[in-house]
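Participant: model this:
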Amino acid sequence: MFRFTAAIVLTWAALGLQGAMAQDFYGNDDLTGVTPRADPALVQALVDNQHSLGRHGIDTRLRVSHFLAQVMTETGGLRRLDENMNYSANRLTEVFSRRVVTPDKARQIAGQPEAIANWVYRNRLGNGGPDTGDGWAYRGSGYIQLTGRTNYRLRGEETGLPLEMRPDMVRQAGPGLEAATAYWTARRINPLADLNDRPGIRRLVNGPRMEGLDQAILWHNRIWTGIYTGRPPFPNEDAMLEAAEADLEGDGDQALRRILIDEGFVEAAEFESGDPARTQADALREYQESRGLPLTGVLDDDTFYAITDPSEWRGVDEPELAALSAPVDADRGVSHRLDGAASSPSMTALEPNEGSGVADAEPLDADEAAALGGAGGTYSAYETAEGRHEGGDFIPFTVIGDDDRQTVLDTTAYPSRAVVQILFRKREGLGQNLCSGAMVAPDLVLTAGHCVHGGTAMGRWYTDFEVFPGRNTGAKPFGTCRAVALYALQGWTTATLVSDSRLYDLGAIKLDCAVGERTGWFGIAALPDEAFGRPSTVQGYAADKSPPGRQWISFDRFRALEADKGFYENDTFGGTSGSPVFTETDYRITCVHTNGLHGSGNWGRYNACTRVTPQRLQTIIDWIEE
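Facilitator: Numbering: from 1, shown residues only. Here you go, the predicted structure:
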């Protein structure tokens with residue numbers, strides 16, 4: 001624990017030093033001039049770590065001002081990094097719909113921030129039920145407020161910080177800012193900032209309803225006029241960005257009026273039929289009276305902070321709730337196209353095929369060897385969330401009892417040559433990861449869902465795939481193929497709970513080469529209920545063994561079967577995810593290895609695979625024939 005904490009401190013100290021030598025986008029006086037009630041520590045972190053903005057391309061006046069506007073909107077003007085969940089019963093029913101909190105429930109939990117968060121954020125955004133504590137642990141936090149367990153996990157993957165395991169980190173200034181800039185980059189917001197597209201920016205930050213849009217406009221006008229009006233362009237700005245300056249002022253009154261209309265202090269028609277300035281002043285006085293503020297009739301500091309406070313606009317998105325309850329055919333497939341073209345249309349291939357077996361004595365090139373050597377094994381979010389942890393670090397539990405794995409020395413023999421190692425990135429620019437898979441057609445690899453997509457509706461498709469059939473340490477006897485399409489089950493990509501997604505952890509990769517003609521491929525068959533007690537064989541690439549890049553095979557039997565999963569004591573490790581599971585000499589895949597021990601029940605006693613069912617078999621056929 002101490003070593004990790006010290007490393008974080010040293011990292012941020014070093015980055016702060018780099019920031020001192022980088023472009024100054026703003027100073028302490030600039031920020032406190034815009035938001036004088038800000039927490040000084042949050043202001044100082046923004047000043048000291050301006051490098052974080054530059055590293056994410058937030059490096060023009062427009063981009064920086066829009067980033068700051070979203071930060072101010074999300075944090076109430078840099079006053080706190082976590083969502084204020086201390087609502088009265090009346091305010092709870094005003095902010096959240098009756099589908100989220102009924103009046104009776106509001107009275108039960110009013111004034112209890114932790115209970116409120118656990119209730120209103122239950123069973124959504126990757127959180128569990130109200131008794132799990134996820135709603136409070138993963139409440140809105142950070143400079144751009146992450147909400148929900150899945151968002152914490154994804155931003156953690158992008159920053160290299162263990163945000164899902166240590167959610168309080170995002171409520172600290174340094175990591176919270178890094179998570180915000182990573183979120184900005186992941187949502188590709190810079191191009192919209194270049195266009196001064198305020199609704200588009202807010203949609204990417206907050207969702208389809210764009211809650212807080214008018215508040216963000218008020219903050220952006222305040223930032224632009226307070227810091228950047230009259231300031232020379234930054235070195236990398238072009239004429240287009242300078243020309244956009246003309247569009248930045250004049251909509252503040254309209255934003256304020258929309259807020260007053262939405263809050264019920266004035267009717268839209270009153271602005272059209274009377275004196276707009278007087279109507280606005282009267283409505284502001286009504287708002288001020290309702291909040292116990294001085295009745296000035298102008299947008300003074302007291303009123304500005306009150307009317308832009310996140311508790312005024314933040315709620316639960318009704319369209320999102322409707323989507324959560326929409327029926328999904330979980331065993332149907334979804335696809336994602338990548339660059340490139342498939343080698344040729346695949347044939348339906350459900351029977352084992354040994355291929356020609358023609359191999360090359362081809363070594364890995366230097367770049368491939370370096371990438372594979374630096375990559376780590378992949379674990380699913382559901383396993384890391386409920387698995388063992390020491391000092392906050394995930395400790396895999398995948399070897400049960402004695403380690404009985406055996407080395408596969410000849411990977412040019414069938415079926416070993418049809419087992420592949422998969423190298424990929426979870427996000428562009430991140431480190432690389434390893435999985436296993438199996439050829440099931442000339443150009444299709446069957447693997448785990450978490451080897452192609454992050455899982456749940458908040459996850460994303462992975463990128464930069466390279467596939468090595470029959471790799472044997474430094475040799476790639478069947479060359480390298482790349483991915484042109486990715487596939488997964490809908491239950492994997494649309495689940496709202498991480499614990500639900502684990503039932504559908506199945507995916508595939510379409511290749512740009514028909515290497516299966518040489519390696520051959522496995523057959524595929526549904527795993528029957530009668531398979532209980534039958535032998536189970538898992539063959540793939542484990543990341544914990546030396547030398548790296550060897551295949552390992554493990555033998556056991558199916559010790560438990562559930563509708564969607566099979567369980568066994570075959571020994572595995574990170575990197576084995578996606579490996580074929582078959583029965584000794586019957587080279588038909590009936591299950592795909594996915595995870596080690598975690599949670600309770602069969603999940604906590606055995607390693608597991610995703611079953612091939614009749615419905616999933618048809619989905620795999622569709623992937624082959626696409």
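Participant: residue furthest from the geometric center of the chain?
Facilitator: Residue farthest from the centre of the chain, counting by C-alpha atoms, centre = their mean, is Gly274 at 49.0 Å.
Participant: And Leu260, how close does it get to Met210?
Facilitator: Plainly put, Leu260 is 18 Å away from Met210 if you go by C-beta to C-beta, to the nearest Å. No exception for glycine: its C-beta is placed from N, CA and C like everyone else's.
Participant: which of these two has more neighbours?
Facilitator: Taking neighbours as other C-beta atoms under 10 Å, Leu260 and Met210 compare with Leu260 leading, 24 against 17.
Participant: which one is the more buried one nearest to, not counting chain neighbours?
Facilitator: Spatially, and ignoring its direct neighbours in sequence, Leu260 is nearest to Ala283 (4.4 Å; C-beta to C-beta, 6 or more residues apart in numbering).
Participant: Could you export the strand or helix carrying that neighbour as PDB, CA atoms only?
Facilitator: Element membership of Ala283, judged by DSSP states H and E, is helix 276-290. Output of helix 276-290 as PDB, limited to C-alpha atoms (Å, rounded to 0.1, in the frame of the first residue of the first chain):
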ATOM      1  CA  PRO A 276     -37.400  41.000 -21.500                       C
ATOM      2  CA  ALA A 277     -35.000  42.700 -19.100                       C
ATOM      3  CA  ARG A 278     -37.700  43.600 -16.600                       C
ATOM      4  CA  THR A 279     -39.200  40.100 -16.900                       C
ATOM      5  CA  GLN A 280     -35.800  38.500 -16.300                       C
ATOM      6  CA  ALA A 281     -35.200  40.700 -13.200                       C
ATOM      7  CA  ASP A 282     -38.600  39.900 -11.800                       C
ATOM      8  CA  ALA A 283     -38.100  36.200 -12.300                       C
ATOM      9  CA  LEU A 284     -34.700  36.400 -10.700                       C
ATOM     10  CA  ARG A 285     -36.100  38.100  -7.600                       C
ATOM     11  CA  GLU A 286     -38.700  35.200  -7.400                       C
ATOM     12  CA  TYR A 287     -35.800  32.700  -7.600                       C
ATOM     13  CA  GLN A 288     -33.800  34.600  -5.000                       C
ATOM     14  CA  GLU A 289     -36.700  34.700  -2.600                       C
ATOM     15  CA  SER A 290     -37.200  31.000  -3.000                       C
END
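Participant: how about it: buried residues?
Facilitator: 279-288 (16 or more other C-beta atoms under 10 Å).
Participant: low pLDDT regions in this protein?
Facilitator: For the chain, the stretches with pLDDT under 70 are 1-23, 97-99, 208, 238-250, 315-328, 341-349, 391-392, 496.
Participant: center of it, which residue is that?
Facilitator: Per C-alpha atoms, centre = their mean, the C-alpha nearest to the average position across the chain is that of Leu154, at 2.9 Å.
Participant: Neighbours of the closest residue to Phe465 other than its chain neighbours, how many?
Facilitator: With sequence-adjacent residues excluded and distances taken as C-beta to C-beta, 6+ apart, Phe465 is closest to Ala483, at 3.6 Å. Look at Ala483: counted by other C-beta under 10 Å, it has 25 neighbours.
Participant: Can you name the helix or strand that Ala483 falls in?
Facilitator: strand 481-489.
Participant: in its sheet, what does that strand sit against?
Facilitator: Strand 481-489 pairs in its sheet with strand 333-337 (antiparallel), strand 463-469 (antiparallel), strand 507-511 (antiparallel), by DSSP bridges.
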